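>>> The following comprises the amino acid sequence and a computationally predicted model.
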Amino acid sequence: MRAANAIVFAGLFWSTLTLLFDGFTVVPAARQLYALRFPSTEGRILSAEVREHDGEDGPTYSVEFEYVYTVAGREYSGTRYRYPTGSTSGSGWAHRVVSARPAGSKTLVYYNPRNPEDSLLSPGVSGMDLFLVAFLTPFNAVMLGLWGMGWARLRRRWFKPVAGGVRIVSRLRQTRVRLMTFSPVATGIAVMALAAFASIFIVGLSSGFHPSVRTMVITWGVILTGGVAGFGWQWFQILTGKYDLILNEMDGRLELPLTCGRRTRTPIPLSKVQAAFVQTIEKPSSDGGKCSPMYAPTLRIGDGDGVLEKLTEWYDAEKATAFVEWLNEKLPLRKPSRLRDAWLTKAVE
């Protein structure tokens, strides 16, 4: 219960921060897109300068304008270059923008026809807008993962799916149980998140964190292609049956999935299976602490102490336990009392 509450709290906290930053990014970008519909009028630049700001990791740069324009015979003044405000570490883009619109020059001013005081000099999405979306993609991927974990828990609690909700296909006295860790959608999102994370450094450092639209279009092409490839690769693995535990009831054998290091399928007589249980696997983190434990449905096969064969690894203890309970009911297992008493065992890898 404590672990479940911790996951809920972490999910709410992470989602709140992520959605807040999403709003700060998406809303100005949406206004930039909408501004493409604004009419334009000729204006005059009164002042234009590059402003340097002190930052923790060095100076950052922004542009500041002041201009005047006339709409329906009335003169207005404005200072907005784009709706998104802020500064970046690269000064090159700022000097290029200012040099293109020096003081005293004429320029097009785009204004809101419903409110002519609402104006800007550069409508449309920029490379920086697309870069910020890439920057937030890993955070949104984690948020979606937490939502998925929360929904899976609620689904099991409300609907009580068979075997913890794993995919089960039965035909001609053969049962296939799909024991994958991540779905194709989750795999695709994870690959996109990793590609977006890498692009933050590759594209950001090479462009002073202010890339061009062309650069970001290519970058997003790579990110999306990676996501599609990840989805397709995982779907192919599913179609080939890699993750399937096969129960052949007709000849009394089972075949283990090609997971946890197994490369070939070997039929195993059901009479050799002593019990199914859940291992709790606690792996040390890089800083010496402990990562979130994983739960591995495991078979004990053979005589005596036998051999342990992990079927898969999940982060969800309830799912693993529900599946093992279903498996113990499905198979004609011999259950030594010591395995009944120690339903959850611990291992450190």
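Perfect, thanks for sending it.
>>> Helices of the stretch 51-200 of the chain, start to end?
Assigned by DSSP state H, counting those that start in this stretch, the helices in the stretch 51-200 of the chain fall at 92-100, 127-159, 184-207.
>>> Is it possible to get a markdown table of the ones you listed that adds mean neighbour count and distance to Ile246?
C-beta here means a position set from N, CA and C on the backbone, and glycine is covered the same way. Listed next are those as a markdown table, based on neighbours: other C-beta atoms under 10 Å; distance: least, C-beta to C-beta, whole Å:
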| stretch | mean neighbour count | distance to Ile246 |
| --- | --- | --- |
| helix 92-100 | 16 | 58 |
| helix 127-159 | 17 | 24 |
| helix 184-207 | 19 | 21 |
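>>> Number of residues surrounding the closest residue to Gly188 other than its chain neighbours?
Once flanking residues are discounted, Gly188 sits nearest to Phe231: 3.5 Å by C-beta to C-beta, 6 or more residues apart in numbering. Residues near Phe231, counting by other C-beta atoms under 10 Å, number 19.
>>> circling back to that earlier point, format the helices of the stretch 51-200 of the chain as TSV; extra columns: distance to Phe65 and mean pLDDT.
Shown next, in TSV, are the helices of the stretch 51-200 of the chain (distance: least, C-beta to C-beta, whole Å; pLDDT from 0 to 100):
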stretch	distance to Phe65	mean pLDDT
helix 92-100	8	92
helix 127-159	17	91
helix 184-207	22	94
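>>> Nearest approach to Arg253 belongs to which of those?
For the helices of the stretch 51-200 of the chain, distance to Arg253 was read as C-beta to C-beta. The smallest value, 29.1 Å, belongs to helix 184-207.
>>> With just CA atoms, put the closest one into PDB.
Taking C-alpha atoms only, helix 184-207 is exported to PDB below (Å, rounded to 0.1, in the frame of the first residue of the first chain):
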ATOM      1  CA  PRO A 184       4.700  -1.500 -28.700                       C
ATOM      2  CA  VAL A 185       3.200   1.900 -27.900                       C
ATOM      3  CA  ALA A 186       5.300   2.200 -24.700                       C
ATOM      4  CA  THR A 187       8.400   1.100 -26.700                       C
ATOM      5  CA  GLY A 188       7.800   3.700 -29.400                       C
ATOM      6  CA  ILE A 189       7.300   6.400 -26.800                       C
ATOM      7  CA  ALA A 190      10.500   5.400 -24.900                       C
ATOM      8  CA  VAL A 191      12.600   5.500 -28.100                       C
ATOM      9  CA  MET A 192      11.200   8.900 -29.000                       C
ATOM     10  CA  ALA A 193      12.000  10.100 -25.500                       C
ATOM     11  CA  LEU A 194      15.600   8.900 -25.800                       C
ATOM     12  CA  ALA A 195      16.000  10.400 -29.200                       C
ATOM     13  CA  ALA A 196      14.600  13.700 -28.000                       C
ATOM     14  CA  PHE A 197      16.900  13.600 -24.900                       C
ATOM     15  CA  ALA A 198      19.900  13.100 -27.200                       C
ATOM     16  CA  SER A 199      18.800  15.900 -29.400                       C
ATOM     17  CA  ILE A 200      18.800  18.400 -26.500                       C
ATOM     18  CA  PHE A 201      22.600  18.100 -26.300                       C
ATOM     19  CA  ILE A 202      23.400  17.400 -30.000                       C
ATOM     20  CA  VAL A 203      21.200  20.200 -31.500                       C
ATOM     21  CA  GLY A 204      21.300  22.500 -28.500                       C
ATOM     22  CA  LEU A 205      25.000  22.700 -28.000                       C
ATOM     23  CA  SER A 206      25.700  23.000 -31.700                       C
ATOM     24  CA  SER A 207      23.200  25.900 -32.200                       C
END
